[in-house]
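Engineer: Any chance you can model this:
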Amino acid sequence: MNFIEKFFSKYSQEKIIKWFKQICIAEAVSCFLLYGVAMIWKRYDDEGLLPTIFIIVIGNIHGIFFSLYLLLCLPVRKIFNWDDEDFVFALLSAFFPFATIWVDKKLARFDRE
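Structural biologist: You can find the predicted model right below:
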């Protein structure tokens with residue numbers, strides 16, 4: 001944990017917030033491409049190679065965004081002063097499609113009560 005704090009300490013809070021918001025959106029978009037496009041395309045073209053390649057590529061991209069989201073939740077917790085309940089909810093939202101957008105819009109704010 002100390003390694004992560006040390007790594008992110010060299011960046012400003014504004015930059016980390018900007019990255020977090022971008023990763024929230026990118027994770028949701030890649031989730032849509034994976035579930036909404038690639039999986040449906042695969043069902044209609046069972047023997048095609050293109051849907052399989054598309055699933056592999058989009059799946060890897062989604063995995064990167066998923067991992068970055070989980071990694072960025074740690075410094076963002078300190079920036080927005082999330083309590084344990086908010087932090088666990090933010091971590092669990094990564095496992096539900098499009099829930100990261102809700103975290104971006106509702107939890108990642110300074111003026112929330």
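Engineer: alpha carbons only for contacts and neighbour counts from here, please
Structural biologist: OK.
Engineer: Could you pull out the strands in this structure for me?
Structural biologist: In the chain, no segments count as strands under DSSP state E.
Engineer: so where's it uncertain?
Structural biologist: In the predicted model of the chain, residues 1, 111-113 satisfy pLDDT under 70.
Engineer: ranges for the helices of the protein?
Structural biologist: Along the chain, the segments classed as helices by DSSP state H run 2-8, 13-32, 39-44, 49-80, 84-92, 99-102.
Engineer: How about exporting the second one as CSV, limited to the C-alpha atoms?
Structural biologist: As requested, C-alpha coordinates have been extracted for helix 13-32 and formatted as CSV (Å, rounded to 0.1, in the frame of the first residue of the first chain):
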residue,chain,number,x,y,z
GLN,A,13,-4.9,15.7,-7.1
GLU,A,14,-6.5,17.3,-10.2
LYS,A,15,-4.5,15.0,-12.5
ILE,A,16,-5.5,11.9,-10.5
ILE,A,17,-9.2,13.0,-10.5
LYS,A,18,-9.0,13.6,-14.2
TRP,A,19,-7.5,10.1,-14.7
PHE,A,20,-10.1,8.5,-12.5
LYS,A,21,-13.0,10.1,-14.3
GLN,A,22,-11.6,9.1,-17.7
ILE,A,23,-11.0,5.5,-16.5
CYS,A,24,-14.6,5.3,-15.2
ILE,A,25,-16.0,6.2,-18.6
ALA,A,26,-13.5,4.0,-20.5
GLU,A,27,-14.3,1.0,-18.3
ALA,A,28,-18.0,1.4,-19.0
VAL,A,29,-17.5,1.9,-22.8
SER,A,30,-15.2,-1.2,-23.0
CYS,A,31,-17.8,-3.1,-21.0
PHE,A,32,-20.5,-2.1,-23.5
